[in-house]
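K.L.:
Give me coordinates for this.
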Amino acid sequence: MSEDYYYNSSERPSEQQENLDFAKSIMKSIGKQNAIAMAESGWWEGMNVKKAAMIAITTQELCCPVSVFFRLLSDALNRPVYTHEMVWGYKNLYLELIGEKDPPNLEEIINLIPEEKRIVIQL
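P.N.:
I've put the predicted structure just below:
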């Protein structure tokens, strides 16, 4: 995970660094070839969804297709998981998955995006 992933390091630096440090602390590398082999094996099929989500979120390399990763998280958390949560809310997703944090409301999910990057349409 790159430190300037999606936004400038000058924007919200302490939150960005905290999220990055947390992700690094829980992720374990299995190596590129092992991740490819896992993704091709369909290891998540028939597995308890929460256990599969925990494996996916704590593995440094993507070990299943992105669509499966998001489905696993959404099913395990019983709510939609938005792409930007993977960047700015990774720690929150993990804590929610292990039951140490309540699910966010929509406003909290939107507020993960830096204000200058938000475009919200009110109908």
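
K.L.:
Mind giving me the packing neighbours of the helix ranked longest in the chain?
P.N.:
In the chain, taking DSSP state H as the definition, the longest helix is helix 13-26. The contact analysis (3 or more Cβ pairs under 8 Å, 6 or more residues apart in numbering; DSSP states H and E) places helix 13-26 against helix 83-88, helix 90-97. No exception for glycine: its C-beta is placed from N, CA and C like everyone else's.

K.L.:
Would you mind pulling the contact partners of stretch 48-65?
P.N.:
Residues outside stretch 48-65 that contact it (Cβ atoms under 8 Å, 6 or more residues apart in numbering) are 26-32, 34-35, 38-39, 43-44, 68-69, 72-73, 75-77, 93-94, 97-98.

K.L.:
if I look at the residue positioned nearest the centre of the chain, how far off is A76?
P.N.:
The centroid of the chain falls nearest to M86 when counting by Cα atoms, centre = their mean (3.2 Å). Separation of M86 from A76 (Cβ to Cβ, to the nearest Å) stands at 14 Å.

K.L.:
coming back round to it: ok, now which ones touch the residue nearest to the centre of the chain?
P.N.:
Counted by Cβ under 8 Å, 6+ apart, M86 has contacts L93.

K.L.:
before we move on, the earlier item: nearest to E115, out of the helices and strands packed on helix 13-26?
P.N.:
helix 83-88 (12.1 Å; Cβ to Cβ).

K.L.:
In helices, which of the contacts of stretch 48-65 appear?
P.N.:
26, 32, 34-35, 38-39, 68-69, 72-73, 75-77, 93-94, 97.

K.L.:
from those residues, which two are the most distant?
P.N.:
K32 and L77 (27.7 Å).

K.L.:
Between those two, which is the more surrounded one?
P.N.:
It is L77, of K32 and L77, that has more neighbours when counted by other Cβ atoms under 10 Å, with 17 against 10.

K.L.:
Quick check: the gap between the more buried one and E96.
P.N.:
Using Cβ to Cβ, one gets 6 Å for the distance from L77 to E96.

K.L.:
shared neighbours of the two, anything?
P.N.:
Common contact partners of L77 and E96 (Cβ under 8 Å, 6+ apart): P103.
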